[in-house]
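Need a 3D model of the following:
(one chain, ligands or ions: 2)
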Amino acid sequence: MTDKNQPIVGIIGMGDMGRMYAKRLKAGGIETIYVCDKPESHESLKKELEGTGIIPLPNGHAVSRISDFIIYSVEAAAMTAVVREYGPSTKIGAVVAGQTSVKAPEKEAFEKYLPADVGITSVHSLHGPTVTTEGQPLIIIHHRGPESNVKMVEDVFRSFKSRYVHLSYEEHDSVTANTQAVTHAAFLSMGTAWNHSASYPWETARYVSGVEVVKVNITLRIYSAKWHVYAGLAMLNPSAQIQIQQYAKSVTELFKLMVENREKELSDRVWESREKVFGWKRNEEPPIPSSSSTSTSKGEEQIRDPILLSEDILNQFSLGSRSTEQQNQNQNQSQSQSSSPNSHLSLLAMVDCWSKLGIRPYEHLAVAGTPVFMLWIGVAEYLFRSPTLLSSAIQAGLADRIHRPDDIEFVVAARGWSECVSFGNFDLYKRRFEETSNFFSPRFEEATKLGGRMIKAIQDMQSGKRTDSQSNVQ
Ligand SMILES: NC(=O)C1=CN([C@@H]2O[C@H](COP(=O)(O)OP(=O)(O)OC[C@H]3O[C@@H](n4cnc5c(N)ncnc54)[C@H](OP(=O)(O)O)[C@@H]3O)[C@@H](O)[C@H]2O)C=CC1
Ligand SMILES: O=C(O)C(=O)Cc1ccc(O)cc1
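Ligands and ions are numbered 1, 2, ... in the order given. The predicted structure is shown next:
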């Protein structure tokens, strides 16, 4: 403890999240913060942190020996080895946490390698390192040790102004499988499909309407991030396999109904999934609710506002400015493409998957939604809310030939990701991810800025704040 009776905080792993935590905790008034990365990075870390007041140490032993609250912020797949190495050096009576996105391997490693006199109260900020912490869910998992440790952890993170959500290790993995893992599967598949059809969506007229803006911006955002984050939460979470496989199955089955022109079965299945997930009767236009409640405590019924995305807000975030020449060229080439609706197979399959698995996305969103999940429900809701839009997506799936090659690529991609995850092979995952990420990389700078602004604008809109699409995400 420091003179101010504050816990001394230690962070092992100074990557994107570790750095963000160290800087924000320091700015939020935590007096003493010791950090380390791999021993070979010690010298560069010392230079980088000069003058910040954050103290770099040579390795995790040094951090563990003198810190009261230690946060492991390393790759999920490295947790076992890193905790095996540094865990036994943990100070008597300290509290240990992991920032890991998937908790099953973390729990096992902590139980196995931490001394019995050490508490375990873990955390997980449900957002990436460039999104503001304010208002975002911060999951707290109290697993072992006195209840007072929870208050200590809450006090440490007070300055983040995050929304604390208390879950068990198992609840965490179940919720994040339903929210993150399956959502990422959809966006990863879109990226792979665009890569394999060698089309940059923003250069093709048919891809620039409202819903497509979210598809493109979030896909690019995901492919611009680190592959191991997505690989870990998909392949090390015991609950995630079922969701990802069901998504690929929904994509395949709906597509087969489309190409076999089985109109009744396709329509029945889509409208039934709409009713099951959103509660709206077939062909009924739902009213816009005047008021609703949002609850975050465990055990109560979770109700949340609809997201109500509008075409106007989405279109503010169109990606890429096409030259006049390019616009004319695209218009000539794809006049019929831009005016014809597409099947939105990725969204029809998402709602079908939620329906088949009994997933209630709004409840998850109220408890532990990430910004990406919120946007994904938002676009699904946008399509499914309007009977006209949904009917034209179904009709396009059955009759349209222009987008069918894209749908074929999407089916192959979704099946490929599902198979890859089922193999549990990190090298294969990395290869698949990097192949597409390289394809998109020229667009990352623009896309991450735009995606960040889009997330902020929509979150501000959600929390009733003024929407300012020009302001920066921190
Ligand atoms: N990025 C995100 O959006 C989010 C990530 N998370 C989770 O947070 C954790 C960290 O992710 P993120 O910061 O993005 O990933 P990074 O790859 O940026 O950071 C991980 C860091 O840990 C370092 N490391 C690995 N082994 C050791 C070791 N033995 N001792 C000290 N440092 C070590 C890595 O070094 P090296 O690079 O040399 O391997 C790297 O600098 C992951 O578990 C992830 O799932 C949680 C929420 C959001
Ligand atoms: O919002 C998402 O799903 C993201 O992609 C960012 C992210 C990645 C990993 C996490 O553990 C939490 C958030």
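
only C-alpha atoms for contact and neighbour calcs from this point on.
OK.

Name the nearest residue to residue 175, sequence neighbours excluded.
In space, and not counting its chain neighbours, residue 175 is closest to residue 364: 6.8 Å by Cα to Cα, 6 or more residues apart in numbering.

Please apply the same query to residue 400.
Residue 400 sits nearest to residue 342 (Cα to Cα, 6+ apart), 7.5 Å away.

about what we covered before: please report phi then psi for the residue nearest to residue 175.
phi -60, psi -40 (degrees, to the nearest 10).

just checking, it touches residue 180?
No - between residue 364 and residue 180 there is no contact under Cα atoms under 8 Å: 10.4 Å.

before we move on, back to that, state the distance from the residue nearest to residue 175 to ligand 1.
17 Å (Cα to the nearest ligand atom, to the nearest Å).

need the contact list for that residue.
Under the criterion of Cα atoms under 8 Å, 6 or more residues apart in numbering, the neighbours of residue 364 are 175, 178, 179.

Now intersect those with the helices, please.
residue 175 (DSSP state H).

got CSV for the contacts of residue 364, with distance to residue 44 and neighbour count too?
Compiled in CSV, those are given as follows (distance: Cα to Cα, whole Å; neighbours: other Cα atoms under 10 Å):
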residue, distance to residue 44, neighbour count
175, 38, 21
178, 39, 23
179, 37, 26
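
Can you tell me which of the contacts of residue 364 is nearest ligand 1?
residue 179 (13.4 Å; Cα to the nearest ligand atom).

Please tell me how far the closest one sits from residue 218.
Using Cα to Cα, to the nearest Å, residue 179 is found at 15 Å from residue 218.

domain parsing for this protein?
Using automatic domain parsing, the domain ranges for the chain come out as 9-166, 171-462.

so can I have TSV of those domains showing distance to ligand 2?
What follows is the domains of the chain, written out as TSV (distance: least, Cα to the nearest ligand atom, whole Å):
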stretch	distance to ligand 2
domain 9-166	4
domain 171-462	4
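
worst average pLDDT in these?
For these, mean pLDDT drops lowest on domain 171-462, to a mean of 87.

From one end of stretch 127-135 to the other, what's the distance?
Per Cα to Cα, stretch 127-135 runs 11 Å from first to last residue.

could you check whether it is close to ligand 1?
Yes - applying Cα under 6 Å from any ligand atom, one finds stretch 127-135 touching ligand 1 at 127, 128, 129.

Using a markdown table, lay out these together with neighbour count.
A markdown table is the format used below for the residues of stretch 127-135 next to ligand 1 (neighbours: other Cα atoms under 10 Å):
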| residue | neighbour count |
| --- | --- |
| 127 | 18 |
| 128 | 15 |
| 129 | 16 |
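
the strands in the stretch 1-150 of the chain, which residues?
Counting by DSSP state E, counting those that start in this stretch, the stretch 1-150 of the chain has strands at residues 9-12, 33-36, 55-56, 69-72, 95-98, 119-125, 137-144.

Using a markdown table, please lay out these together with mean neighbour count.
As requested, the strands of the stretch 1-150 of the chain are arranged in a markdown table below (neighbours: other Cα under 10 Å):
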| stretch | mean neighbour count |
| --- | --- |
| strand 9-12 | 28 |
| strand 33-36 | 25 |
| strand 55-56 | 22 |
| strand 69-72 | 27 |
| strand 95-98 | 26 |
| strand 119-125 | 25 |
| strand 137-144 | 22 |
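
May I have stretch 385-400 exported as CSV, CA atoms only?
In CSV, the C-alpha atoms belonging to stretch 385-400 read as follows (Å, rounded to 0.1, in the frame of the first residue of the first chain):
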residue,chain,number,x,y,z
ARG,A,385,-38.0,-3.8,-38.2
SER,A,386,-39.3,-2.8,-41.6
PRO,A,387,-41.5,-5.6,-43.2
THR,A,388,-40.8,-3.9,-46.6
LEU,A,389,-37.0,-4.1,-46.2
LEU,A,390,-37.1,-7.6,-44.9
SER,A,391,-39.4,-8.8,-47.7
SER,A,392,-37.1,-7.3,-50.3
ALA,A,393,-34.1,-9.0,-48.8
ILE,A,394,-36.0,-12.4,-49.0
GLN,A,395,-37.0,-11.7,-52.6
ALA,A,396,-33.5,-10.7,-53.5
GLY,A,397,-32.2,-13.9,-52.0
LEU,A,398,-34.5,-15.9,-54.1
ALA,A,399,-34.4,-14.0,-57.4
ASP,A,400,-31.4,-11.7,-57.6
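
Quick check: closest non-adjacent residue to residue 269.
Residue 269's closest residue in space is residue 352 (Cα to Cα, 6+ apart), at 7.8 Å.

Helix or strand for that neighbour, just tell me which one.
Assigning secondary structure by DSSP states H and E places residue 352 in helix 345-357.

Go through that helix and flag the buried ones.
345, 346, 347, 348, 349, 350, 351, 352, 353, 354, 355, 356 (16 or more other Cα atoms under 10 Å).

I'd like the distance from it to the chain centre, please.
17 Å (Cα atoms, centre = their mean, to the nearest Å).

Tell me which other helices or strands that helix touches.
helix 182-196, helix 240-259, helix 263-278, helix 371-385 (3 or more Cα pairs under 8 Å, 6 or more residues apart in numbering; DSSP states H and E).

Of all those, which one is nearest residue 406?
helix 182-196 (6.9 Å; Cα to Cα).

Show me what the next helix or strand after that closest one is packed up against.
Helices and strands here follow DSSP H and E; after helix 182-196, the next one along the chain is helix 210-223. Secondary-structure packing of helix 210-223 (3+ Cα pairs under 8 Å, 6+ apart): helix 182-196, helix 311-315, helix 371-385, helix 426-440, helix 444-462.

what comes into contact with stretch 131-143?
119-127, 150, 160-169, 172, 367-370, 452, 473-474.

close enough to count as contact, residue 286 and residue 385?
Yes - the pair residue 286 / residue 385 is scored as a contact, 6.7 Å apart, by Cα under 8 Å.

Residue in the stretch 151-300 of the chain with the shortest distance to ligand 1?
Closest point on the stretch 151-300 of the chain to ligand 1, by Cα to the nearest ligand atom, is residue 229, at 4.4 Å.

Same check on the stretch 301-450 of the chain?
Counting by Cα to the nearest ligand atom, the stretch 301-450 of the chain gets nearest ligand 1 through residue 370, at 9.7 Å.

distance of that residue from residue 409?
Relative to residue 409, and taking Cα to Cα, residue 370 is found at 27 Å.

now swap in residue 343 and tell me
Residue 343 is 13 Å from residue 409, by Cα to Cα.

out of these two, which sits in the busier spot?
residue 343 (25 against 19; other Cα atoms under 10 Å).

what does the protein have sitting close to ligand 1?
So the chain meets ligand 1 at 12-18, 36-38, 60, 73-76, 82, 99-101, 125-129, 229 (Cα under 6 Å from any ligand atom).

from the residues you listed, which would you call buried?
Counted by 16+ other Cα under 10 Å, the residues of the chain next to ligand 1 give 12-14, 17-18, 36-37, 60, 73-76, 82, 99-101, 125-127, 129, 229 as buried.

of all the helices and strands packed on helix 210-223, which lies closest to residue 29?
helix 444-462 (25.5 Å).

still on that earlier bit, contact partners for the closest residue to the residue of the stretch 301-450 of the chain closest to ligand 1 other than its chain neighbours?
Leaving out its chain neighbours, the residue that sits closest to residue 370 by Cα to Cα, 6+ apart is residue 126, at 5.5 Å. Contacts for residue 126 (Cα under 8 Å, 6+ apart) come out as 136, 137, 138, 139, 368, 369, 370.
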